[in-house]
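Enquirer: Sequence and predicted model, in that order:
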Amino acid sequence: MANRRIRILLAKPGLDGHDRGARVLARSFRDAGFEVIYTGCHQTPEQIAATALQEDVDMVGLSCLSGAHNYLYPQVAKLLQEAGAGDIVVVGGGIIPEKDMPGLYASGLTALFTPGATLDSINEWISTNVTPKE
Amino acid sequence: MKELGKRVLAGDVRAASRLIRNLEDQIADTYIAIQEIFKETGKSHVIGITGAPGAGKSTLTDELICAYRSQEKSVGVLAVDPTSPFTGGALLGDRIRMLRHAEDKGVFVRSLATRGAMGGISKAVGEGIHVMDVLGKDKIIVETVGVGQQEVEIINHAHTVIVVLVPGMGDEIQALKAGLMEIADIFVINKADRDGAGKLYKETMNMVQMSRDKYGIAKGWTTPVLLVESVLEPHKFAESVTKLRDKIDEHYQFLVDHDLISERMRRKTAAEISEALWGAILAPILEEVESSGEMQRMIDKSLLKEVDPYTLADEVAKRYLKERPTSSEA
């Protein structure tokens, strides 16, 4: 009877209007059978965290191409943890230098997808690592 | 599940969203949480916004939230978008228009996918309204999927139905057709700065005047037709939407004054009970027929023209009806 569906919030934090990548992902998630809520551009971490709670998502995917990922991504993870929603998986994408990765993982990001990551590999990662909440 | 109901009653937003989700996912014992909250429901004014894709429903909803927030009324929004019939996935994008309210504690926006429901909303909307209701929202706005002519299920759930029209969608015969054009308590002609808005206004007014007092629910209420102009001129837009807000509240007052709320509540309750019956009776049978492979065998037979679908359905029905428990067991 139960028909659990993975719910994903796809968000673009910060001052970055380049959302082609996020839109392609939104479409790809839809085609993979996920329910994806897309916020559009220019979100604050506070808005993203509040939206994640209201929508009861299993995963937040962050896309930022402005170079501010070192501040914005951990901030979202921190706000979710503070709200008692540390169980929501936070992943990030974009042009993320390798030297930034350890810090991002330490701050609560679970995965990072950089240029070259295929849509299939991202969908597969989600299917394997994100479980709909009970 | 009982715990979840208690958390919703305590105002926990994520728990509320989870409860709606359990309903969407058809988790078996969700009704226990509903039992917990059910008695507290029935206080909010439910507003339905429906219309074609791209008519401006989300943008109107966004501005309507502002108009109600300026009166310090709390607002819940259930925004419905379609589920893919092929993959089961969905892109829920109504929220993009409502982001400025993300951090406002007086506003709770929840996106829902239709999950195959055909009436323009999702099956979880009825209960979603209850959930928003017990959170104490003064106004609950239900935004349907972009609809065509006959997705009118919103009338089972909303006190006030707004049908959003835009110029350029067809000739006046469209305005005479049954279905969507009949259900409006208020018409909004959106994007009224565009060509054809005057003509659409005239046609809609004609239609409204012909249908006055015809639907029983109308008794003295002549459906107003409001023009809303471009969102690109924020002040003008906000002004139009403030007028819309006042009209919506006027309609609710009208329902209260003429004791029509109870009639609408009865309709909503009837819809909910048939929904629940469907879930309790038909859904398990369908599931069994699917999982046992009987569905595939029936399809094969029907394709070979051995047996028609009605006879097949009758056979299944007879089998299950025979196993029906006596009324004392039920």
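Expert: Sure thing, it's come through. Treat the numbers as computed from the prediction; the structure is a model and nothing was measured.
Enquirer: what bits of chain A have low per-residue confidence?
Expert: Chain A contains residues with pLDDT under 70 at A:1-2.
Enquirer: C-terminal to the helix ranked longest in it, what's the next element?
Expert: Counting residues, the longest helix found in chain A (DSSP state H) is helix A:69-82. Following helix A:69-82 in sequence order, the next helix or strand is strand A:89-93 (DSSP states H and E).
Enquirer: packing partners for the helix or strand just after that next one?
Expert: Going down the chain from strand A:89-93, the next helix or strand is helix A:101-106, by DSSP H and E. Counting contacts by 3 or more Cβ pairs under 8 Å, 6 or more residues apart in numbering or on different chains; DSSP states H and E, helix A:101-106 packs against helix A:69-82, strand A:109-113. Where C-beta positions appear, they are placed from N, C-alpha and C, glycine not excepted.
Enquirer: ok, 10 Å please
Expert: With contacts taken as 3 or more Cβ pairs under 10 Å, 6 or more residues apart in numbering or on different chains; DSSP states H and E, helix A:101-106 sits against helix A:69-82, strand A:89-93, strand A:109-113.
Enquirer: if I look at residue B:90, how far off is residue B:79?
Expert: Counting by Cβ to Cβ, to the nearest Å, the gap from residue B:90 to residue B:79 is 12 Å.
Enquirer: any common contacting residues for the two?
Expert: Shared contacts of residue B:90 and residue B:79 (Cβ atoms under 10 Å, 6 or more residues apart in numbering or on different chains): A:37, B:111, B:112.
Enquirer: Give me the subset of those lying in strands.
Expert: A:37, B:111, B:112 (DSSP state E).
Enquirer: Bridged to the second one, which residues?
Expert: With beta bridges defined as DSSP bridges, residue B:111 has these partners: residue B:79.
Enquirer: for the first one, same thing?
Expert: With beta bridges defined as DSSP bridges, residue A:37 has these partners: residue A:9, residue B:92.
Enquirer: what's next to the helix or strand where residue B:297 lies, contact-wise?
Expert: Assigned by DSSP H and E, residue B:297 belongs to helix B:294-303. By Cβ under 10 Å, 6+ apart, the residues outside helix B:294-303 that reach it are B:286-290, B:306-313, B:315-316.
Enquirer: Please state the offset of that helix from the chain centre?
Expert: How far helix B:294-303 lies from its chain's middle: 34 Å, per Cα atoms, centre = their mean, to the nearest Å.
Enquirer: do the same with stretch B:110-130
Expert: So, by Cα atoms, centre = their mean, the centroid of stretch B:110-130 is 7 Å from its chain's centroid.
Enquirer: end-to-end on that stretch?
Expert: The straight-line separation of the ends of stretch B:110-130 (Cα to Cα, to the nearest Å) is 13 Å.
Enquirer: One more: stretch A:58-73?
Expert: Across stretch A:58-73, first to last residue, Cα to Cα, it's 16 Å.
Enquirer: Likewise for stretch B:293-311?
Expert: 18 Å.
Enquirer: Flag every buried residue along that stretch.
Expert: B:295, B:298 (16 or more other Cβ atoms under 10 Å in any protein chain shown).
Enquirer: ok so, going back, and of the helices and strands packed on helix A:101-106, who's closest to chain B?
Expert: Nearest to chain B among these is helix A:69-82; the distance by Cβ to the nearest Cβ comes to 10.4 Å.
Enquirer: Now do the buried residues in the closest one.
Expert: Here helix A:69-82 shows A:69, A:72, A:73, A:74, A:75, A:76, A:77, A:78, A:79, A:80, A:81 as buried, counting by 16+ other Cβ under 10 Å.
Enquirer: quick one: which of the shared contacts of residue B:90 and residue B:79 is nearest residue B:44?
Expert: residue B:112 (17.1 Å; Cβ to Cβ).
Enquirer: quick one: the closest one and residue B:24 touch, right?
Expert: Yes - using Cβ atoms under 10 Å, residue B:112 makes contact with residue B:24 at a distance of 6.6 Å.
Enquirer: shared neighbours, those two?
Expert: Shared contacts of residue B:112 and residue B:24, counting by Cβ under 10 Å, 6+ apart, come down to A:35, B:122, B:123, B:124, B:125, B:128.
Enquirer: follow-up on the earlier one: so how far is the longest helix of chain A from its chain's centroid?
Expert: The answer for helix A:69-82 is 11 Å, by Cα atoms, centre = their mean.
Enquirer: contacting residues for residue B:81?
Expert: A:35, A:37, B:53, B:58, B:90-95, B:111-114, B:122, B:143-146.
Enquirer: brain fart, residue A:95
Expert: Residue A:95 neighbours (Cβ under 10 Å, 6+ apart): A:64, A:65, A:66, A:67, A:69, A:114, A:115.
Enquirer: how much space between it and residue B:68?
Expert: Residue A:95 is 42 Å from residue B:68, by Cβ to Cβ.
Enquirer: what do you get for residue A:58?
Expert: 31 Å.
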